[in-house]
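Colleague: Make a model of this:
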Amino acid sequence: MIYAIMSQRQRGACGGGEVASEEAAKAVTDLGEVWPSRRSRMGPGTHLLIYVLVVAVPYALALSIHVQHRALFQSLVTLLNICGLAALLLQFPLASRSRALARSMGIDAAMLIHRRVGETLAIFFFLHPFLILVPRLLIAPQRALGDVWSTFLAGNVQTGLYAWAILIVWVLVAWSRRKAGLSYEAWRISHGVGFATVAILATLHAITVGRHGQAQPWFNWLWIGLCTMAVTLVLYGLFVRPHLWRRHPFRVRQIVKAGASDWELEIERDGDFPFEFDAGQFIWLTTSNRPWYRTEHPFSIASSPTEVPRLKFIIRQLGDFTASLGNLQVGQRVLVDGPFGVFTLAGRSARGLAFIAGGAGIGPILGILRSLREQHEVRPIRLLYGNRTAEQMVAQTEISEMTKQLADFRQLLALERPDPRAHHVGFIDQTLISNALPAEARHHWLVFVCGPPAMVKSVVKTLRKLGYPRRSIIYEQLGF
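Modeller: Reported below is the predicted structural model:
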């Protein structure tokens, strides 16, 4: 699956809500019938605009406070400081797996914004103390070193210095966690706790040295409120959400090898509780039956929604957790949180569909194909499926049968190693895409792309080069 959301990502459907109305199910556009949806109709541009406006609220409130600025540069730094701290504190709801976010924009899209904003914030906060000193450095460059040193030693900036140092360390850990061999569980917990610490220290720093808060104490309470929200979300994720997982118990029904590198895990609902999802969505799964033991991992659902109470997953054996999947026992209890994600047909319309899968990226796409088969879909469908070897391909018998069960369906295999079964030798590239998809696909089809980050990035770049508009490309990376 997608080890995120950010989609951000970066992924298209709902994470819960009311069942789509009969009218929605029958909606028709010039691109054909619209697939039913329970999610928001807002696009990624709208989500980003809303996010920017929310981040700008503290600065807008700060404008109502009379604080004299000595120069344009100082006013600019003030704008960056206030919006930067607001963006830092708003990182927490983006990563909270909130149901409201799942319904409105998708967890994966939220995680994409979270990741991109985090990268920008890391650069800004690293430069923050030096931006404060720029005017003095320009006026008296000969005293530059002394000014920097005295600023770092000043008593009223110590909380900011601690936040600055911890932020640098945690950013380096986030960037190098795979090379350092840090497990997903350890990284996730340390990431939340570490940045919650940064948020607390940064808020204390703003309250201590911020001129707007000194002029109007209510402005400090704004920061305190946002910081409290951030810390509360971290504590909720660590101590409350794990307890709620017990509401969705499943049991392992089957675990078998689906290919040379992949497992097919099938679980079954263990209890009488509602569970609905859209084909292509994902869940967080913990196999420990102890929610407090942080072993949760995101996996895309490879089965059709009509197969509930059973769920199937195609999982590639890659990391420390997936390497132990063969040890799961039939009947073993597992816990599920979800569904999440927007990598679905819900709310979209097209005259044709193209699916491009790399490796385990076939998982959510297989779920969508199974759902389309049940709906007797008549629109043209093409599947471009890539792997290193033919032995890594999964569900080939079932996919071959779909050519007879669907009105206009064809699969094309791309293998890195030469094989008589391959339609293309090498990566999924411009040549294969151009030959596999008709000219009208550029304007009237939807293209779903799922696979490793490098593969997804390359394919999306190729599609854009071929003239496919961004709105017609829905992609999901195997990695949060």
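Colleague: Lowest mean pLDDT among the helices and strands of this protein, which one is it?
Modeller: helix 22-25 (a mean of 36; mean pLDDT, DSSP states H and E).
Colleague: and the gap between residue 427 and residue 177?
Modeller: Distance, residue 427 to residue 177, by Cβ to Cβ, to the nearest Å: 27 Å. (Glycine included, C-beta is placed from N, CA and C.)
Colleague: got it, and residue 369?
Modeller: As judged by Cβ to Cβ, residue 369 and residue 177 stand 34 Å apart.
Colleague: Break this structure into its domains for me.
Modeller: The chain is divided into the following domains under automatic domain parsing: 40-243, 352-477.
Colleague: Tell me which of these is the most buried.
Modeller: With neighbours defined as mean count of other Cβ atoms under 10 Å, the domains of the chain peak in mean count at domain 352-477, which reaches a mean of 19.
Colleague: Let's have the domains of the chain in a markdown table, adding mean pLDDT.
Modeller: Converted to a markdown table, the domains of the chain look like this (pLDDT from 0 to 100):
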| stretch | mean pLDDT |
| --- | --- |
| domain 40-243 | 82 |
| domain 352-477 | 93 |
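Colleague: Let's have the ones you listed in JSON lines, adding distance to residue 301.
Modeller: JSON lines is the format used below for the domains of the chain (distance: least, Cβ to Cβ, whole Å):
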{"stretch": "domain 40-243", "distance to residue 301": "14"}
{"stretch": "domain 352-477", "distance to residue 301": "5"}
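Colleague: Endpoints of stretch 392-410, how far apart?
Modeller: Terminal residues of stretch 392-410 lie 19 Å apart, using Cα to Cα, to the nearest Å.
Colleague: hey, where'd the helices end up in the stretch 151-300 of the chain?
Modeller: Here the stretch 151-300 of the chain has its helices, by DSSP state H, counting those that start in this stretch, at 158-180, 184-209, 211-215, 217-235, 241-244.
Colleague: Run through who's touching the third one.
Modeller: Read that as helix 211-215. Residues outside helix 211-215 that contact it (Cβ atoms under 8 Å, 6 or more residues apart in numbering) are 62, 65-67, 82, 206-207, 219-220, 223.
Colleague: swap in the fourth one?
Modeller: Contacts of helix 217-235 from elsewhere in the structure, counted by Cβ under 8 Å, 6+ apart, are 58, 61-62, 65, 85-86, 89-93, 96, 192-193, 196, 199-200, 203, 206-207, 210, 212-213.
Colleague: For it, output the C-alpha coordinates as CSV.
Modeller: Taking Å, rounded to 0.1, in the frame of the first residue of the first chain, the C-alpha atoms of helix 217-235 are listed here in CSV:
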residue,chain,number,x,y,z
PRO,A,217,-2.1,39.8,25.7
TRP,A,218,-5.0,38.2,23.9
PHE,A,219,-2.7,37.6,21.0
ASN,A,220,-0.6,35.4,23.2
TRP,A,221,-3.7,33.4,24.1
LEU,A,222,-4.2,32.7,20.4
TRP,A,223,-0.8,31.0,20.3
ILE,A,224,-1.5,29.2,23.5
GLY,A,225,-4.8,27.9,22.1
LEU,A,226,-3.2,26.7,18.9
CYS,A,227,-0.4,25.0,20.8
THR,A,228,-2.8,23.3,23.2
MET,A,229,-4.7,22.0,20.1
ALA,A,230,-1.5,20.6,18.7
VAL,A,231,-0.4,18.9,21.8
THR,A,232,-3.9,17.5,22.4
LEU,A,233,-3.9,15.9,19.0
VAL,A,234,-0.6,14.2,19.7
LEU,A,235,-1.8,12.9,23.0
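Colleague: quick thing: my sequence starts at 420, can you match it?
Modeller: OK, 420 is where the count begins now, so the last one is helix 636-654.
Colleague: just how off-centre is it within its chain?
Modeller: Centre-to-centre, helix 636-654 and its host chain are 25 Å apart (Cα atoms, centre = their mean, to the nearest Å).
Colleague: quick one on the thing from earlier: need the contacts of helix 630-634 in JSON lines with distance to residue 600, can you?
Modeller: Below are the contacts of helix 630-634 laid out as JSON lines (distance: Cβ to Cβ, whole Å):
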{"residue": "481", "distance to residue 600": "44"}
{"residue": "484", "distance to residue 600": "49"}
{"residue": "485", "distance to residue 600": "53"}
{"residue": "486", "distance to residue 600": "48"}
{"residue": "501", "distance to residue 600": "39"}
{"residue": "625", "distance to residue 600": "36"}
{"residue": "626", "distance to residue 600": "39"}
{"residue": "638", "distance to residue 600": "44"}
{"residue": "639", "distance to residue 600": "42"}
{"residue": "642", "distance to residue 600": "37"}
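Colleague: Does residue 483 belong to a helix, a strand or coil?
Modeller: For residue 483, the assignment made with DSSP: H, G, I helix; E, B strand; the rest coil gives coil.
Colleague: cool, and residue 832?
Modeller: Per three-state DSSP, residue 832 ends up strand.
Colleague: List the contacts of it.
Modeller: 804-806, 809, 812, 840-843.
Colleague: Next: residue 481.
Modeller: So residue 481 contacts 497, 501, 631, 638 (Cβ under 8 Å, 6+ apart).
Colleague: Over to residue 755?
Modeller: By Cβ under 8 Å, 6+ apart, the contact list for residue 755 reads 664, 667-669, 686, 694, 702-704, 730.
Colleague: and it, that one's in a strand?
Modeller: Yes. Residue 755: assigned to a strand according to three-state DSSP.
Colleague: what's the nearest residue to it if we skip its chain neighbours?
Modeller: residue 667 (4.5 Å; Cβ to Cβ, 6 or more residues apart in numbering).
Colleague: Return the distance of that neighbour relative to residue 744.
Modeller: From residue 667 to residue 744 the distance is 20 Å (Cβ to Cβ).
Colleague: Next: residue 761.
Modeller: Per Cβ to Cβ, residue 761 is found 26 Å from residue 744.
Colleague: Check whether residue 887 really touches residue 867, as I assumed.
Modeller: No. Contact between residue 887 and residue 867 fails when scored by Cβ atoms under 8 Å: they sit 11.9 Å apart.
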